[in-house]
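# below: sequence and its predicted model.
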Amino acid sequence: MLVNIKRKQKGFTLIEIMIALMLGLIVIGGALSIYISTIRGSTDVTNSARLNYDLDSAMQLMTNDIRRAGYWGGATVDSDARSNPFMSATANIQISNYTDDDAVTHTNGCIVYSYDSNGNNAIDENEYFGFRLDRGAIWTRSTVDVSGGDDPTNCTDGDNWNRIIDENKINIDSLSFTTNHKCLNVNVDTTCAVTALVAGDEAIEVRQINISITGQVIGDLNVDKTLTSFVKIRNNRIYTF
């Protein structure tokens, strides 16, 4: 005899559905968390690489150019180094504070100098160089209109200042230049303008410029970097006190 057994099919209960949904949300949340962390880590690496590249490039440019300060094409055999015009008062290395167009003063934020780039033994208007911090960017100077009244020692004079850092991507928080000169004939860590020298003394000044720069990535202030460099000027300053 055949017995027809009917079984009643049951679905999931509300509690089972809620538990399944909760477990699914936990899994999805974990996956999203891993994905976001991966993207964030990748972004930090990219921003850090960009900051490192830009700051390293700017520092390399400044150190290589400042190192040439005082070069004179007339420094040949039997020439008098004291006659070097690129070490005169207005052409010599000058470090000063700079107040930008936003009225922010950057202490020791500007350096100006000169060297004989074309080797013609004379100072031309396109042989006054410099770097300064201005509104979150590093600027470089290519020429000075001396005949038009511009002062080569003034970081504000002249329209030929150009950015070397894209301030839309990198913000330069600070840039400073300091000196560490040594006067060989008195053997002290100072400039040669000291009381130990008297009129007629010949002074040999070995010059070093210290550079410090700090920058951040725009939109990610957690990515920042500080670089320092010490530039030994190749050309010593020789003069009669």
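Structure's in. What do you need? The structure displayed is predicted, hence computed values, not measured ones.
# switch to C-alpha atoms for all contacts and neighbour counts from now on
Will do.
# residue ranges with poor pLDDT in the protein?
Flagging of the chain using pLDDT under 70 yields the residue ranges 1-12, 35-36, 38-44, 158, 185-200, 241.
# one more time with 50
The model of the chain has pLDDT under 50 over residues 189.
# now do the strands in it.
94-99, 105-114, 128-134, 137-141, 161-163, 170-179, 182-183, 202-206, 208-217, 220-232, 237-240 (DSSP state E).
# contact partners of the longest one?
Under the contact criterion C-alpha atoms under 8 Å, 6 or more residues apart in numbering, strand 220-232 has outside partners 44, 47-48, 51-52, 55-56, 59, 63, 66-67, 207-217.
# so that strand versus strand 170-179, what angle?
30 degrees (axes from the mean of the first three to the mean of the last three C-alpha atoms, to 10 degrees).
# list the buried residues for strand 220-232?
Within strand 220-232, the residues scored as buried using 16 or more other C-alpha atoms under 10 Å are Val223, Asp224, Lys225, Phe230, Val231, Lys232.
# gap between the fourth one and Asp54?
The one in question is Phe230. Taking C-alpha to C-alpha, to the nearest Å as the measure, Phe230 falls 18 Å from Asp54.
# ok so, going back, only whichever of the contacts of strand 220-232 are buried, select them in PyMOL.
In PyMOL, a selection of the buried entries from these looks like this (16+ other C-alpha under 10 Å):
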select buried, resi 44+47+48+51+52+55+59+63+66+67+207+208+209+211+212+213+214+215+216+217
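# circling back to that earlier point, pick the one among the buried residues of strand 220-232 closest to Trp72.
Using C-alpha to C-alpha, Lys232 is the member of the buried residues of strand 220-232 that sits closest to Trp72, with 16.7 Å.
# distance of the closest one relative to Asn180?
Distance of Lys232 to Asn180, computed by C-alpha to C-alpha: 9 Å.
# same thing with Leu227?
Distance from Leu227 to Asn180, by C-alpha to C-alpha: 18 Å.
# just give me the neighbour total for Ile204.
Neighbourhood size, Ile204 [other C-alpha atoms under 10 Å]: 20.
# could I get the contacting residues of the spatially closest residue to it that is not a sequence neighbour?
Spatial nearest neighbour of Ile204, excluding adjacent residues (C-alpha to C-alpha, 6 or more residues apart in numbering): Ile238 at 4.6 Å. Neighbour list for Ile238: Ala81, Arg82, Glu202, Ala203, Ile204, Glu205 [criterion: C-alpha under 8 Å, 6+ apart].
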